[in-house]
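1. can't give you the sequence, but here's the structure:
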């Protein structure tokens with residue numbers, strides 16, 4: 001990191017760093033364009049390319065994929081990960097449509113999730129999984145789930161499945177040509193869902209973390 005920055009590049013880097021501290025995730029190109037009053041996104045990209053070439057940031061292909069390099073340690077300077085909350089996971093009968101929504105951002109310390117990618121958040125709705133725990137946290141209504149999209153799963157894992165266009169969270173078990181999505185609940189009314197492994201239903205991701213919601 002021997003190359004000095006121009007005054008303008010210093011401004012861009014400072015803007016990215018301040019945004020990250022305030023929000024827990026990097027700004028988008030559109031947000032940078034507005035904050036820096038740059039007329040085109042190409043102009044923003046030019047500054048980012050210069051910062052990356054000089055070793056001050058790393059860019060990835062992910063949305064908001066800007067990471068700042070610590071000048072002293074030469075390490076990625078990113079301890080919080082912004083995970084978008086895309087909707088609700090039905091811990092009961094699949095009823096709420098699995099349309100992606102914008103319900104905010106979960107700011108999670110990277111040490112809690114490691115270097116996992118393709119993550120999104122959901123809010124639990126219902127009680128069909130309230131006796132199941134991950135890392136000591138029960139899947140109770142209102143709590144947050146961190147889901148790794150398209151993650152490989154094993155029997156007994158907690159997954160998010162799309163059934164008839166609706167998202168549901170359940171334990172999973174696969175037997176020959178049958179996929180069983182089964183509850184783990186104090187409510188005996190909840191029953192397993194039996195799917196043909198060749199049906200149009202799909203496993204959307206594996207639940208890797210449960211986070212308390214202090215507002216419930």
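-> Looks like it came in fine. This is a predicted model, so every value here is computed, not measured.

2. pLDDT on stretch 43-63, on average?
-> The average pLDDT within stretch 43-63 is 85.

3. ends of it, what's the gap?
-> Distance between the two ends of stretch 43-63: 18 Å, counting by CA to CA, to the nearest Å.

4. can you list contacts of it?
-> 1, 3, 5, 8-9, 12-13, 16, 28-29, 32-33, 36, 38, 65-69, 71, 76, 117 (CB atoms under 8 Å, 6 or more residues apart in numbering). Just so you know, the C-beta spots here come from the backbone N, C-alpha and C atoms, and that holds for glycine as well.

5. contact partners for the residue lying closest to residue 121 once chain neighbours are set aside?
-> Sequence neighbours aside, residue 85 is the residue nearest to residue 121 in space, at 4.1 Å (criterion: CB to CB, 6 or more residues apart in numbering). Applying CB under 8 Å, 6+ apart, we find residue 85 in contact with 101-106, 120-123, 144.

6. confirm that residue 85 sits in a strand.
-> Yes - Residue 85 forms part of a strand when assessed by DSSP: H, G, I helix; E, B strand; the rest coil.

7. now which of the contacts of stretch 43-63 would you call buried?
-> 5, 9, 12-13, 16, 28-29, 32-33, 36, 38, 66-69 (16 or more other CB atoms under 10 Å).

8. and these, which is closest to residue 195?
-> Closest approach to residue 195 among the buried ones among the contacts of stretch 43-63 (CB to CB): residue 28, at 37.4 Å.

9. and the closest one, how close does it get to residue 34?
-> To residue 34, residue 28 is 10 Å away according to CB to CB, to the nearest Å.

10. okay, and which of the contacts of residue 85 map to strands?
-> Counting by DSSP state E, the contacts of residue 85 place 105-106, 120-123, 144 in strands.

11. what's around the nearest residue to residue 35 once chain neighbours are set aside, how many residues?
-> Nearest non-adjacent residue to residue 35, counting by CB to CB, 6+ apart: residue 15, 5.5 Å away. With neighbours defined by other CB atoms under 10 Å, the count for residue 15 comes to 16.

12. wouldn't residue 15 be in contact with residue 32 here?
-> Yes - using CB atoms under 8 Å, residue 15 is in contact with residue 32, at 6.7 Å.
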